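# Sequence and computational prediction follow.
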Amino acid sequence: MLLQSIDQSRILIIFTGQLILASIFLFIAIKLLIRTRPRPIITLSILYILSPAGFIFNVLHVLIAAIQPENVVLLRVIYFFSFYPLLFSPIFLLTFIISILKLGDVFTIKKQLIITLIYGFVTLLIFFIPEGITFTEQWRPIYSWGFFTAIYISFTIFVTIPTIWYSRRLIKTFQDRILKKKLTTFLIGVFGMYFVVYGATLYLTWQNPLFTTIWSVVTFFLMIPSAILIYLGIGREL
């Protein structure tokens, strides 16, 4: 009875896909943290902790919306804690890539923190765009095209473009063929994760039934391999 008010695509994405993803991400985070913990490993593990936190809050949001749809303030707060970690966490992929370039004193912990806080603040401001996020009667979020544009611009400028730049530099530092192959595996996973961010934002903005159905399947079969490729490519080798 509880799930009857939730459309089938959301059930597939949230109660199946996202809970499985959360379990896989947390497993990888534990695998990373039980080993030695240099700065790059800690940086990467934050990604694998924040993402499942967002998934779990999203599940809670849907459950509470089905039980107490009148609790507007609580539902908006919970949705923020599902939205924000997922949009914020990719910055740790970028700072991970920069940190393993071994730039020495150039990329200090202080500079890493500044980059992270700036992107975190920009992401926070986006959330407060007027009418950026509205909800249906079933509390399904719908993003405005202005909100969509702000996410695309900020994510591209602060995350995607710098990742491409530093990835090229990183490839040049790897001379061994096996290491280059592992790096390629890692980068495929990274850009797979970025593609999920772009696709999920479009999914919540463009109310097209065909795209909604396709993305419900694509996101599940894209995000899991991407997370595993990141770990297998470089994460477990450091």
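On my side now, so go ahead.

# The lengthiest helix in the chain: what's the following helix or strand?
Determined from DSSP state H, the single longest helix within the chain is helix 39-67. Per DSSP states H and E, the first helix or strand lying C-terminal to helix 39-67 is helix 72-88.

# buried sites along that following helix?
If you call a residue buried by 16 or more other Cβ atoms under 10 Å, then helix 72-88 has these buried ones: 75, 78, 79, 80, 82, 83, 84, 85, 86, 87, 88. Where C-beta positions appear, they are placed from N, C-alpha and C, glycine not excepted.

# Skipping its backbone neighbours, what lies nearest the second one in space?
Leaving aside its chain neighbours, residue 78 sits nearest to residue 61 (4.6 Å; criterion: Cβ to Cβ, 6 or more residues apart in numbering).

# follow-up on the earlier one: and which of the buried residues of helix 72-88 is nearest residue 181?
residue 86 (29.4 Å; Cβ to Cβ).

# Tell me how many other residues surround the closest residue to that closest one other than its chain neighbours.
The shortest distance from residue 86 to any non-neighbouring residue, by Cβ to Cβ, 6+ apart, is to residue 54 (3.9 Å). Burial of residue 54 is recorded as 21 neighbouring residues (other Cβ atoms under 10 Å).

# Show the contacting residues for residue 54.
Applying Cβ atoms under 8 Å, 6 or more residues apart in numbering, we find residue 54 in contact with 81, 82, 83, 84, 85, 86, 89.

# how does it look with 10 Å?
Applying Cβ atoms under 10 Å, 6 or more residues apart in numbering to residue 54 gives the contacts 18, 21-22, 25, 81-89.

# can I get the buried residues of helix 72-88 in a markdown table with pLDDT and distance to residue 152?
Converted to a markdown table, the buried residues of helix 72-88 look like this (pLDDT from 0 to 100; distance: Cβ to Cβ, whole Å):
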| residue | pLDDT | distance to residue 152 |
| --- | --- | --- |
| 75 | 91 | 26 |
| 78 | 93 | 25 |
| 79 | 92 | 20 |
| 80 | 93 | 20 |
| 82 | 90 | 20 |
| 83 | 88 | 15 |
| 84 | 92 | 17 |
| 85 | 91 | 19 |
| 86 | 88 | 15 |
| 87 | 90 | 11 |
| 88 | 93 | 16 |
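
# Low-confidence stretches in the protein?
Within the chain, the ranges that satisfy pLDDT under 70 run 1-17, 36-37, 102-106, 234-238.

# Contact partners for the residue nearest the centre of the chain?
When Cα atoms, centre = their mean is applied to the chain, the residue found nearest the centroid is residue 86 (3.9 Å). Residues in contact with residue 86 (Cβ under 10 Å, 6+ apart) are 18, 50, 51, 52, 53, 54, 55, 57, 58, 196, 197, 200.

# Any chance of the residues you listed in TSV with distance to residue 232 as columns?
Formatted as TSV, these follow (distance: Cβ to Cβ, whole Å):
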residue	distance to residue 232
18	22
50	20
51	17
52	18
53	23
54	23
55	21
57	27
58	26
196	18
197	21
200	23
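
# That's all I had, so thanks and see you.
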